[in-house]
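Novice: can't give you the sequence, but here's the structure:
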């Protein structure tokens, strides 16, 4: 966000007929049978794995922490804004020097911008955790991402754009979690067309699509196994198929990568700022993935349509 210092064909066999004319009889395509058997077994294994993941909520420990998962996930989502806000204030001189001396913005504009964006990020992040004024908080945090990208000139890097779109996706998922569904209408009859529920479904769809954008750049720089698993996970997550398992799978991969690669606490000041930025941005995306495991994929998903049909 803000300035960071440093850098088979059928087989036949002739058989004599009573008239002596050769005929051919065909045998089943063994390769086709075996491939179908493999795909069927693969699907069965996939379903069993999904059932195990879905059954995690039955464990006593998970039941105990489940009420706290949304709050933890929302904190993860906004952690990058806390980090950025605090860093602007603690590195105030460097921030002013970069924008005033290097980017050539007017001095008083730089002071007003840095002070305003740091306060807005801190307050907006706190409101989103507390689920207070979530519309304004989400809008303010999304605006901070866009404004900082423009002012600091960071939109030139594709990785920055994809990563920050994913952070916006996490914010949309956090906002959707604050929408309370209307269960009944007058006369205590079920509401047939719940507009809030539909709106929440669209928000979750947009959030899921935006989150997987980050994995475009992340995936292809890893091992072939990671690429394969991540591709499956991102497709399933985006379309809302076996969403809980997909989000857990992507979250575990990103968490492992974040701790082993973006371990800024093991580096000196030269590299620490950049790694710290990536660590908290990834943590925000992990929070979005974690929140989806609790809220579900929403109405605009294959999981939801399967329940209807």
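Specialist: Received, thanks. Note that the structure is a prediction, hence the values are computed from the model and not measured.

Novice: Tell me which helix or strand the residue nearest the centre of the chain sits in.
Specialist: Central residue check for the chain by CA atoms, centre = their mean: the C-alpha nearest the mean position is that of residue 211, 3.5 Å away. Assigned by DSSP states H and E, residue 211 belongs to helix 195-219.

Novice: who are the neighbours of that helix, in terms of helices and strands?
Specialist: helix 158-177, helix 224-239, helix 243-261, helix 269-295 (3 or more CB pairs under 8 Å, 6 or more residues apart in numbering; DSSP states H and E). C-betas here are computed from N, CA, C, even on glycine.

Novice: So which residues make contact with the helix or strand containing residue 111?
Specialist: Assigned by DSSP H and E, residue 111 belongs to helix 107-130. With contacts defined as CB atoms under 8 Å, 6 or more residues apart in numbering, helix 107-130 is touched by 2, 71, 74-75, 77-79, 81-82, 84-86, 88-89, 92, 95-96, 99-100, 105, 133-134, 136-138, 140-141, 143-144, 147-148, 151, 171, 174-175.

Novice: Same list, the helices and strands packed on helix 195-219, but as JSON lines with distance to residue 120, mean pLDDT and mean neighbour count please.
Specialist: Below are the helices and strands packed on helix 195-219 laid out as JSON lines (distance: least, CB to CB, whole Å; pLDDT from 0 to 100; neighbours: other CB atoms under 10 Å):
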{"stretch": "helix 158-177", "distance to residue 120": "13", "mean pLDDT": "87", "mean neighbour count": "22"}
{"stretch": "helix 224-239", "distance to residue 120": "30", "mean pLDDT": "86", "mean neighbour count": "17"}
{"stretch": "helix 243-261", "distance to residue 120": "26", "mean pLDDT": "90", "mean neighbour count": "18"}
{"stretch": "helix 269-295", "distance to residue 120": "17", "mean pLDDT": "88", "mean neighbour count": "21"}
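
Novice: can you tell me how far residue 141 sits from residue 163?
Specialist: Applying CB to CB, to the nearest Å, the value for residue 141 to residue 163 is 15 Å.

Novice: Can you give me the first-to-last residue distance of stretch 91-100?
Specialist: End-to-end distance for stretch 91-100: 14 Å, by CA to CA, to the nearest Å.

Novice: That one: which residues count as buried?
Specialist: The neighbour-count check on stretch 91-100 (16 or more other CB atoms under 10 Å) flags 91, 94, 95, 96, 98, 99, 100 as buried.

Novice: out of those, who's nearest residue 289?
Specialist: Residue 289 lies nearest to residue 91 out of the buried residues of stretch 91-100, by CB to CB, at 29.9 Å.

Novice: Contacts only, for the closest one.
Specialist: Counted by CB under 8 Å, 6+ apart, residue 91 has zero contacts.

Novice: re the thing from before, what angle sits between the helix holding residue 211 and helix 158-177?
Specialist: Here helix 195-219 runs at an angle of 150 degrees relative to helix 158-177 (axes from the mean of the first three to the mean of the last three CA atoms, to 10 degrees).

Novice: How far off centre is helix 195-219?
Specialist: Relative to the mean C-alpha coordinate of its chain, helix 195-219 is positioned 7 Å out (CA atoms, centre = their mean, to the nearest Å).

Novice: starting at the chain centroid, how far to stretch 272-282?
Specialist: The answer for stretch 272-282 is 17 Å, by CA atoms, centre = their mean.

Novice: same question but for stretch 81-97, I mixed them up
Specialist: Put simply, stretch 81-97 sits 27 Å off its chain's centre (CA atoms, centre = their mean).
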